[in-house]
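A.B. asks: sequence plus predicted model, see below.
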Amino acid sequence: MSGLTIDGISSTLGQYSGVTAGTIEKLLTASSIYQRKTDTENEITEIENKESAWSTINSELSTFLDKVEVLQSDDTYLTKTATSSDSSVATISGTTAAAEDSYDLKVDQLATATKVTGSKLDVTGTKTALNIAGTLTLTNSDTDSQSASVTISSTDTLKSLAQKINALTNDSTDSNGNATEGTHIKASIVDNRLVLTSTTQGANTISLSGEDSSGNELADDLGLGSQATTSTGQSAIFELDGMTITRNTNTVTDAVEGVTFNLNQVSDEDVTLSLTNDTSNIVSAVQDMVSSYNTLMSTIKDDLDVGDPSSSSNTTGPLVGDSELMLLESSLSSMVTSSKVSGSSLNATDLGISFSDIKGTLSVDTDKLESAISKDATAVKNFFYSAKTTSDGNYVISTSGYTSDLSDLVNKYISTDSLLGTSIIGNIQSSYKSQVEELNDQVDTFDDQLDTLKEQYIEKYTALDEAIMEGEEELSEFTSASSSLSS
């Protein structure tokens, strides 16, 4: 038996029959197994092209959503340019509800917060146990605050006690929208002294009550009783266009609708504060959204392109005939020029948003948009986005408007992870992944079958070569014998 080459083919193969390793490869290529493998690999390539196309759409949808969400930000609609003749004394800002106007303002007194500074405690540090136990109740006379109690154990330190007090400071809202008022009292530690500060300004009073396990006042134990130093807060007093106004804050938001006055220091003279309209932010945001939409829709049209069906070499888009993509295209096209938007009497055309050609290219008439903003900036803001929140503003209960509708649609499609079926595109890509895995298993099976067929061909034609070789040897021997007999 002749030796074998590295790939398992006999070194005698083809020496007599002419059947070489190349011949066997051609025989394998011509087999139905190879053709089925090729068809399967082509199917894998087609699916991978579809998955890649959806990944691109997912990315462009995410970009479009980013542009849409800019139109949901309050910063986009702070469409007022603010100026101050002396910003060290006071500054001004305005929302869409603010009118263009100028104000003369003089600061007579700044608002401050009430502070109670305790006496120095006889401990070696903030992490030393106080050896005090009891329930301490804290009360702030701020009308929006609520009394609350902290339980003190003998192992509590200045640091842990301050943490317990601060855990009750802020207002909170649970997942059901139920609000709980905080104490509005913040604790800090300075030189082994507890310092309690009202987080709201004005002439508030901080009160402490509760006894330790021996019946002594906890306030005295903590250096916050009669030995403490109290600095009572005060209200801000300022003159606005000659009218004297008092507020328990240096950030005044309720003196003029949509206007915020920031008081920075006491002044001897009036400062002039002005607000003028500035539409640049919102116009830029709308233009960015329109541009992103056109990029997205161009990609979708290319993916759905049927090409020229009459051409023998016709090339189509990777997602031609995809019903889900056609639905997305139709929904987006209808929504961006919707004549009716939830929560608003305006429509997209009123703000200059419309198609500029029969191809569905979206455009924005900036003159028309700026005119609508000038006429009623708040109405424009509510057209694009309006949110209903809990009383403290921490939780959004519901949203409405042009961008809210677009966000809802896009969020149904986009996937942050193509391997997870958490959205329409996520589910599509997950399905593609499963299909490719199954087809790859089929390719592996075809490869095994081709390996087996190749071994059969090698064995068959190696045997043929060896048989021919043996026959020629026998013929040579016969010829030689015949020659000897003849002589």
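C.D. replies: All right, it came through fine. This one's a predicted model, so the numbers in the text were calculated from it and none came from an experiment. Numbering: from 1, shown residues only.
A.B. asks: could you pull up the mean pLDDT of the helix or strand in which residue 409 is found?
C.D. replies: Element membership for residue 409, per DSSP states H and E: helix 402-413. The average of the pLDDT scores along helix 402-413 is 91.
A.B. asks: distance from the chain centre to that helix, please.
C.D. replies: 14 Å (CA atoms, centre = their mean, to the nearest Å).
A.B. asks: contacts made by that helix with the rest, please.
C.D. replies: By CB atoms under 8 Å, 6 or more residues apart in numbering, the residues outside helix 402-413 that reach it are 58, 61, 64-65, 68-69, 71-72, 328, 331-332, 335-336, 338, 341-342, 344, 348, 383-386, 423-425. For every residue, glycine as well, the C-beta is placed using N, CA and C.
A.B. asks: now the buried members of the residues you listed.
C.D. replies: Judged by neighbour count, with 16 or more other CB atoms under 10 Å as the criterion, the buried members of these are 58, 61, 64-65, 68-69, 71-72, 328, 332, 335-336, 341, 344, 348, 383-386, 423-425.
A.B. asks: and for the helix or strand hosting residue 164, what's in contact with it?
C.D. replies: Using DSSP H and E, the element containing residue 164 is helix 158-166. In this structure, residues lying in contact with helix 158-166 by CB under 8 Å, 6+ apart are 121, 123, 126-128, 130, 138, 150-152, 156, 183, 185-189, 192, 194, 196, 222.
A.B. asks: related to what we said a few turns ago, mind listing what's buried along the helix holding residue 409?
C.D. replies: 402, 403, 404, 405, 406, 407, 409, 410, 413.
A.B. asks: stretch 295-311 too?
C.D. replies: Buried residues in stretch 295-311 (16+ other CB under 10 Å): 296, 297, 299, 300, 303, 304.
A.B. asks: cool, and stretch 135-148?
C.D. replies: Result for stretch 135-148 [16+ other CB under 10 Å]: buried residues 136, 138, 139, 140, 142, 145, 148.
A.B. asks: and that stretch, what's its mean pLDDT?
C.D. replies: 92.
A.B. asks: what about it, how long is it end to end?
C.D. replies: Length of stretch 135-148, first residue to last, CA to CA, to the nearest Å: 10 Å.
A.B. asks: contact partners of that stretch?
C.D. replies: Looking at what lies outside stretch 135-148 - CB under 8 Å, 6+ apart - the contacts are 149-152, 165, 168, 171, 180-185, 196, 198, 200, 202, 204-210, 218-219, 222.
A.B. asks: do you know the pLDDT at residue 218?
C.D. replies: On the pLDDT scale, residue 218 is placed at 94.
A.B. asks: gap between it and residue 138?
C.D. replies: 11 Å (CB to CB, to the nearest Å).
A.B. asks: can you list residues touching both of the two?
C.D. replies: residue 208.
A.B. asks: the lengthiest strand in the chain pairs with which strands?
C.D. replies: In terms of residue count, the longest strand belonging to the chain (DSSP state E) is strand 101-109. Partner strands and pairing direction for strand 101-109 (DSSP bridges) are strand 236-240 (antiparallel), strand 271-277 (antiparallel).
A.B. asks: I'd like the ones you listed written out as TSV, with mean neighbour count and distance to residue 439 added.
C.D. replies: As requested, these are arranged in TSV below (neighbours: other CB atoms under 10 Å; distance: least, CB to CB, whole Å):
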stretch	mean neighbour count	distance to residue 439
strand 236-240	20	73
strand 271-277	18	61
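A.B. asks: pull the number of nearby residues for residue 46.
C.D. replies: Neighbour count for residue 46, taken as other CB atoms under 10 Å: 11.
A.B. asks: A helix includes it, no?
C.D. replies: Yes - assessed by DSSP: H, G, I helix; E, B strand; the rest coil, residue 46 belongs to a helix.
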